[in-house]
Structure formats: C-alpha cells, structure tokens
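Chemist: next comes the sequence, and after it the predicted model I'd like to discuss.
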Amino acid sequence: MTRILDDLTDAQREAVTHRDGPMLVVAGAGSGKTRVVTRRIAHLIDQGVRPWQILAVTFTNKAAREMHDRVERLVGPVPALVTTFHSACARWLRRDVERLDCGRDRRYSIYDDDDQIAVIRACLKDLDLDEKRFAPRGLSAAISRSKTEMRTYEEVLADAHGPRQEVVAEVYQAYEKRLRGANAVDFDDLLWLTLRMLTSDPELLAGYQQRYRYLLVDEYQDTNRVQYLLMKALAGQSRNLHATGDPDQSIYSWRGADYRNIMDFESDYPGTRVVFLEKNYRSTARILNVANELISHNAHRYEKRLVTDAAQGERPAFFCAADDRTEAAWVVREVRRLERAGTPLDEIAVFYRVNALSRTFEEVLIRESVPYTIVGGVRFYERKEIKDVLAYLKAVANPRDNAAFRRLAGAPPRGVGVKTLDALEALAAQRGAGMMETLVAEDFGEAWTGRYTKGLKALRALCRALAALPRAPVRAFVEAVLEHAGLKDHYRDPDDIRSEDRVENIEGLVNRAAEFDAERPDADLAAFLEDVALVTDVDEWNSESRQITLMSMHAAKGLEFRAVFVAGLEEGLLPHRNSMDTDAEREEERRLLYVAMTRAKERLYLSAAKQRLQWGEITMSLPSSFLDELPAEEVECLPGEDEVFAPEGLVPSMGRPGGYYGRRAPVRSGRRRKLGAGQWRRRTFEDEDAWDDLDPGLEPEDEIQEHPDDDVG
DNA sequence: CCTATATAGATTTTT
DNA sequence: TCTATATAGG
C-alpha cells in the first residue's frame, strides 16, 4: 500500500494515482515508465479494483511478463492481466470468432511470415502470375499495409492506380480466400478481425467493456490504426484509458504504427490529464546530452529535453575502423577491458541496424571465446525441423490447415509427392473439407487404384493415429508425434552436418512444451500453438546469463545495459538506404539511433567501418550523417586505424548540422546491381579515390561561415 | 518420387 | 557468403 506510492516523484505519483478517465503519460527514455505502469496496476488493485477488470497491453511478451512479475512483487499473486495486443486478440478470437461471419472457427491457425509468403506464392501460381515480376515479399508487405489501414481488397481495387496495384488487389483477394479456406489468420487479421468482431456486435462489445474497466497501453506511440480503434472501442463510455509512450521512441511506422496516435491523444479523448516524465534515471549526463542533441534535429516532435541528476560520467566514444572485422575486434577488446574493470558481461550489449551485421561479431567473439547471445536473426521457430514438428501440431489442431498438412506429408519423405497431394487437395476441395480430414476419412475406393495409393495409405494410418491421440499434456503429445512420425530418426541423419543441432532444437521444443504444461495446466494444443506463433526471440532472451547480448536496435527498445555499443554508423546502414528518402523516414532512423543510445547507463560506444564485407563483396561506405549531429566536444574520438576516415575526414565536421559530407551523401559511381523491382540505391564506391572527391563543392570552411555560432573547437 | 546440383536472390526493422 | 528454389537425373 504505502509501498506502492513510496519513492515516486510528484509526476510519477500523479500518473500512478490517477483513477478514472483518460490519461496520457509522455515518458522519456529511462524516466521510470515501467515503474509507473506497474505501480498503477498495483495501486488500482490496492484500491479494490478486481485484477481481472484491468487490462494492460504491451507490444512484446517480455515486457508483459516483466510487468506482471513486478506487479506480483507489489501485491502478491494475481491472474495475468498484462498481455500483448496480439495475444489478447488471439484469445478473444479463440472464444468468440464464430460470432463474426468471417469463415473461421475457434480452431483457427495463425500464419506467420513464412506461411504468408507460401500462400502468396500459391496464389500467384493460381493466377498465373510471374513471381519474378511480382515479388511475393512485396505483395505480402502491400497486403499487410492494406490490412493495417483496414482496407478490403475491394477497396484496394477501387483505388488502384495502374496495373501494379490491380495485381495487389487481385492477389489480396486470392490470399484472403485461401486463408479463409484454411481456417487461418495472419498477424494483421488477429487485430482487425477482433476489431470487426467487437464493433459489429454491440452486445459482445458491451460484455468486453464491462469486464475490462481499466485499460493501460504501453508504448502508445507504436500503436497502429487498428490497435488505436480497438482500445477506443474497449474504453467506451468510461474512457478509462491510460496510455504511456514517447513519440521520440516511435520506430515502427513501417509496420503501420502512427505516432500521431499519441500526438493526438488529447484531442481524441477530451479532458485527458497529461503527465510529462522528463527526468531520466538511467544514463549519465554525458550520454543523455549526446542523445538529446541528436534527437533535437527532428522537426516533428513534442518539445522535451530529458534532464538528469546523474554524474557526468565518461564521454561517449566514437571509433572508426578500417573494416568490419577491425570494428568487431575493437568492440571485443573494449568488452574485455570493461569486464576486467568490473562490468559483468550481461550488462554489455552490441546493437546494429540490420541483423546481418551480427555475423562478423559472432566470428570474433567465438575466436576470442567471449560468451554471447544473439537475439533475433534466424528465429527458433523458423528453423526447418521446428517448422516440421509444428506442422504436425497445426494440422491436428486445425484439420483445414492444408499448408501444414502439405509440409507434414513430406517430412520425413514417405513416397507422397506434389502430384499426390494435388489430387488429395482437389478431392478435399470438392468435399469442402481440409486435406487432413479428407485423408483420415478416405476409404480408398476404385478411384485410388493408382500407384500413389501406397504412400498415402501409410500417411493415412499416421494421421489417424495422431488424430486419436490425447492433445494434452502438450509435451506428451509432441513426443508421441515425434515417435509416430519417426522425426527424430529422420533428423539423426549422419549425412547432415547440422543433424546434432536439429535434434537438439527438437528437444528444445519438447522442453518448451513441458514448460507450457507446467505454466498453464488447463490449456490445450491450440493455446500452445498460439504461444509459439506470438513469442519472439526477445521474449526468450534471458538477461541473467553471463554473456554479452547482440541484437538489432529495434529489439533493444525497453532494455537497458551498463555499456552499449552501437555499430555500423554508416550512411546507408543508419540511416538505412531503404529509409532515407523522405524527411519522415530519416527522422525515424534518427529516433532509432536515439533509442539505441538511451539504452546505455554508464558507457556508450559508437563505431563505424569504412568498408565491410557484404554478400561476400567488399563495399565502401561513408560515415553516417547522424554523426555530424552529435556535439563534437562531447564525443571522444578514438584513434582510428584509417587516415582518411578519421580524424581529419570525419571529426572536424562533427557538431555542424549538414557538415562536410552533407545530409545526404552524394551518389557517385556506385556500382549498381540489378535487383529486380525496387531501385537499389547503394552508396558504395569502387575505390579509395571516391573518398577524396566527395562533394568537392562544399569545403569545411564554407560550412563554418554558414554556421558562425557553432563552436567547432 | 527423391536427391544432388545449379542458380538466383538476399539484408531493413517484427507482432 | 548463405539460403531457398528450380531443374535434371536416378
């Protein structure tokens, strides 16, 4: 009780004790936002609100779990009341989706990225469209975009400009038809179908509104249109919506997030109380200074500047390496030094813009035997062997899931090929059923005299056996599947170099099933699959291990470390070449770097490499223009190993916006590769000379005259 | 129907 | 460089 309100600042206390009506907490990085949310939940419970009347929504399971644990530490065991948008929606759909006329029943499957791509390819084939001309990834992105904007394929078709968009609409329609037929939903559907389900059924909505009296949304700046409307619908008349967020940390617009949702909160919810948390309790003054300076270059933002009482600390350091290997070696050397000086390895992290950069670090870390964990990249559930096992689980849970069935049929190979499967699918379609259920029920009359029948019969026996198995506990079911299907033996193949890993991964899945059974004894197979589909690697990441952490800057949000390395500060990487054309894109890239920097508590290191190996090819790069935006005197430039890059090349220009290299690096003689659709602009150079004749019309002196106030030191 | 080899394409970021 | 798919041959 008093404990709940102890050691809070006035602003934090106001945010915590607020009771009814809309409230917006604009919370800067490291300002105690998580503390506010958890204390508020605890406070509400303390005030007599029933725990199940509270719904707190986050974006990752990890954040949800952490919040839940912290609440329990304050008030004792409470039912889970913190979840992600996607899990909450998945659960609600599982309960009530049949009230919405969308062709799905409660056994629905959740399709991940890979499944989506597979469906799109099948659609392209049906429509007789060339994959080369219409990249499945691009189409998938376009469809996803449409769904986050809540546009049906009819609407997309109606507003189509040109044949390309007509194709998008056409594929979108086919895609929907297939998902519907497979009783499947994608990530976007989870949200949108839920919204449609609630808004089309006033009685149902009233029930949800009644149940969830207090709503909290974390990272509100990352909500998209659907999530925004969902919360608005749930908040209803009571408008008990408590949102926390930071527009400066909005880094998901590419996924449909719209930070205007937070900017416009006050006008959306008249009478909103707004609290600003502008005091940072995480970073040293110098780190904060540099981060503040960077983000101040964004034109569109809530003006705020984080302050701190913390000590000055060390200056953030910048290291410019000759190449990526040198950069990695330097990072590892510094990691070692930090460790000797008393920073535990699990308090150190390396961030990068794209996951592909992890490889070089990994090599050096292995060589130097520094323990590490990589978060992201090839995810556990995306591994081939795991997908194989999951295909069995999915097909049993949802007999209409033909994609899962097709996968299972060939893993391990058992004499059933594409032709046979096509025949079976045709038969299933004719009966309006799924392949799994069709096969299980089939008695093989005269129509099946062909040579395909033998393999099919074996498969039928397997499917019948699996369908008859008890589906809980999940662990037992998974093991029975492995046994019946002979999957372990299949992966014990001595010809496969990765055979050991594969068997290990499968055992990992069994362990996970066991954990699931222990955590949720009353849940079933469908719930397990739901978990699996919605859990990402960041969620699994264990901060307690004595290892350094490598992850993308996106994955880093919400975390903190004593020492942080931000690698690859090069134009084209950060800002990324695909996100540097418009001011809005560049601003988001800047926020991304801001997020990365503000993860650091004590030490911040930035680095860049003049050249790096990419696709097995050496490419040259320019320093990130964001480096020019940092206060030069506040950044310690470590002696690089390359004369051109540092110190003369880069350092003198730091601190002057639009410094020597300009805000946009000129494209020169960059070797262009044909990459199909979508122009590939790469800022790369054939040789060293390109360095010297960069933008010769703009000399450092000119810049100084243009910015006489800037103290260049 | 399965396997081995060739080839093209990939790298933004993730629920 | 690595991976996933397309192709041909067994």
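Modeler: Arrived safely, thanks for sending.
Chemist: wait, A:Glu327 touches A:Gln611, no?
Modeler: No - here A:Glu327 lies out of contact with A:Gln611, judged by CB atoms under 8 Å, at a distance of 10.2 Å. No exception for glycine: its C-beta is placed from N, CA and C like everyone else's.
Chemist: out of these two, which sits in the busier spot?
Modeler: Set side by side, A:Glu327 and A:Gln611 show more neighbours around A:Glu327, with 28 against 20, by other CB atoms under 10 Å.
Chemist: what's the closest non-adjacent residue to the more buried one?
Modeler: Excluding its sequence neighbours, the residue lying closest to A:Glu327 (CB to CB, 6 or more residues apart in numbering) is A:Ala321, at 3.7 Å.
Chemist: tell me the bridge partners for the one you found.
Modeler: A:Ala609 (DSSP bridges).
Chemist: okay, and for chain A, where does confidence drop off?
Modeler: Scanning chain A for pLDDT under 70 picks out the ranges A:1-2, A:378, A:445-452, A:493-498, A:537-540, A:542-544, A:639-713.
Chemist: which positions in it make contact with DNA strand C?
Modeler: Residues of chain A lying near DNA strand C by CB under 7 Å from any atom of the strand: A:Ile117, A:Ala118, A:Glu131, A:Lys384, A:Trp615, A:Gly616.
Chemist: near DNA strand B too, which of these?
Modeler: Applying CB under 7 Å from any atom of the strand, the subset of the residues of chain A next to DNA strand C adjacent to DNA strand B comprises A:Trp615, A:Gly616.
Chemist: can I get the residues of chain A next to DNA strand C in CSV with secondary structure and neighbour count?
Modeler: Formatted as CSV, the residues of chain A next to DNA strand C follow (DSSP: H, G, I helix; E, B strand; the rest coil; neighbours: other CB atoms under 10 Å):
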residue, secondary structure, neighbour count
A:Ile117, helix, 16
A:Ala118, helix, 16
A:Glu131, coil, 12
A:Lys384, helix, 12
A:Trp615, coil, 7
A:Gly616, coil, 5
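Chemist: out of the residues of chain A next to DNA strand C, name the two that are farthest from one another.
Modeler: Taking CB to CB as the measure, the residues of chain A next to DNA strand C span a maximum distance of 27.9 Å, between A:Ala118 and A:Gly616.
Chemist: what comes into contact with the helix or strand containing A:Ala90?
Modeler: For A:Ala90, the enclosing helix or strand under DSSP states H and E is helix A:85-96. Helix A:85-96 has contacts (CB atoms under 8 Å, 6 or more residues apart in numbering) with A:55, A:57, A:59, A:61, A:64, A:83, A:104, A:106, A:108, A:110, A:185, A:187, A:190-191, A:193-194, A:197, A:204, A:208, A:227, A:230, A:526-527, A:530-531, A:533-534.
Chemist: check stretch A:227-239 too.
Modeler: Stretch A:227-239 is contacted from outside by A:20-22, A:55, A:57, A:85, A:89, A:191, A:194-195, A:198-199, A:205, A:208-209, A:212-213, A:215, A:217, A:223, A:241, A:243, A:258, A:261, A:268-269, using CB under 8 Å, 6+ apart.
Chemist: ChimeraX command to pick out the buried ones of these?
Modeler: The ChimeraX selection below is limited to those of those classed as buried (16 or more other CB atoms under 10 Å):
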select /A:21,22,55,57,85,89,191,194,195,198,205,208,209,212,213,215,217,223,241,243,258,261,268,269
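Chemist: select from the contacts of stretch A:227-239 every entry located in helices.
Modeler: Judged by DSSP state H, the contacts of stretch A:227-239 include A:Phe85, A:Cys89, A:Leu191, A:Thr194, A:Leu195, A:Leu198, A:Thr199, A:Leu205, A:Tyr208, A:Gln209, A:Asn261, A:Asp268 as members of helices.
Chemist: how near is the fifth one to A:Asp268?
Modeler: Distance check for A:Leu195 against A:Asp268: by CB to CB, to the nearest Å, it reads 16 Å.
Chemist: who's A:Arg603 bridged to?
Modeler: Note on A:Arg603: beta-bridge partners by DSSP bridges are A:Ala563.
Chemist: for the residue of the stretch 351-500 of chain A found nearest DNA strand B, which non-adjacent residue is spatially closest?
Modeler: Among the residues of the stretch 351-500 of chain A, A:Gly417 lies closest to DNA strand B, at 2.6 Å counting by CB to the nearest atom of the strand. Of all residues not flanking A:Gly417 in the chain, A:Gly410 sits nearest, at 7.7 Å (CB to CB, 6+ apart).
Chemist: hmm, A:Ala404 and that neighbour touching each other?
Modeler: No - counting by CB under 8 Å, A:Gly410 does not reach A:Ala404; the two are 11.7 Å apart.
Chemist: which one of those two is surrounded by more residues?
Modeler: For A:Gly410 versus A:Ala404, the count of surrounding residues by other CB under 10 Å is larger for A:Ala404: 29 against 15.
Chemist: give me the phi and psi for the more buried one.
Modeler: Note on A:Ala404: its backbone torsions stand at phi -60, psi -40 [degrees, to the nearest 10].
Chemist: over to A:Ser607?
Modeler: According to degrees, to the nearest 10, A:Ser607 has phi -150, psi 160.
Chemist: same question for A:Ile348.
Modeler: phi -120, psi 140.
Chemist: which ones are touching it?
Modeler: Counting by CB under 8 Å, 6+ apart, A:Ile348 makes contact with A:Val335, A:Leu338, A:Glu339, A:Ile548, A:Thr549, A:Phe561, A:Arg562, A:Ala563, A:Val564, A:Phe565.
Chemist: how close does the second one get to A:Glu347?
Modeler: From A:Leu338 across to A:Glu347, the span is 8 Å (CB to CB).
Chemist: helices of the stretch 451-600 of chain A, start to end?
Modeler: Secondary structure of the stretch 451-600 of chain A (DSSP state H, counting those that start in this stretch): helices at A:453-468, A:474-485, A:487-491, A:499-519, A:525-534, A:537-540, A:583-597.
Chemist: A:Arg286 is nearest to which of those helices?
Modeler: Per CB to CB, nearest to A:Arg286 of the helices of the stretch 451-600 of chain A: helix A:583-597, 11.0 Å.
Chemist: ok, residues contacting the closest one?
Modeler: With contacts defined as CB under 8 Å, 6+ apart, helix A:583-597 is touched by A:29, A:248-251, A:253-254, A:287, A:290-291, A:294-295, A:297-300, A:316, A:351, A:353, A:553-554, A:556-557, A:564, A:566, A:569, A:574-576, A:579-580, A:604, A:626, A:629.
Chemist: and the residue of the stretch 101-250 of chain A that's closest to DNA strand B?
Modeler: For the stretch 101-250 of chain A, CB to the nearest atom of the strand, closest residue to DNA strand B: A:Phe187, 4.0 Å.
Chemist: please name the nearest non-neighbouring residue to that residue.
Modeler: A:Phe187's closest residue in space is A:His86 (CB to CB, 6+ apart), at 6.5 Å.
Chemist: before we move on, what about A:Thr152?
Modeler: A:Ser146 is the one closest to A:Thr152 (CB to CB, 6+ apart), at 8.0 Å.
Chemist: neighbours of the residue nearest to A:Glu327, how many?
Modeler: Quick note: A:Ala321 (other CB under 10 Å) scores 25 neighbours.
Chemist: touching, it and A:Arg612? I think so.
Modeler: No - counting by CB under 8 Å, A:Arg612 is not a contact partner of A:Ala321; they are 9.2 Å apart.
Chemist: how far away is the closest residue to A:Leu215 other than its chain neighbours from DNA strand C?
Modeler: Nearest residue to A:Leu215 in three dimensions, chain neighbours excluded: A:Leu241, at 4.9 Å (CB to CB, 6+ apart). A:Leu241 is 42 Å from DNA strand C, where distance means CB to the nearest atom of the strand, to the nearest Å.
Chemist: these two touch, right, A:Leu241 and A:Tyr220?
Modeler: No - look at A:Leu241 against A:Tyr220 with CB under 8 Å: they stay out of range, at 9.3 Å.
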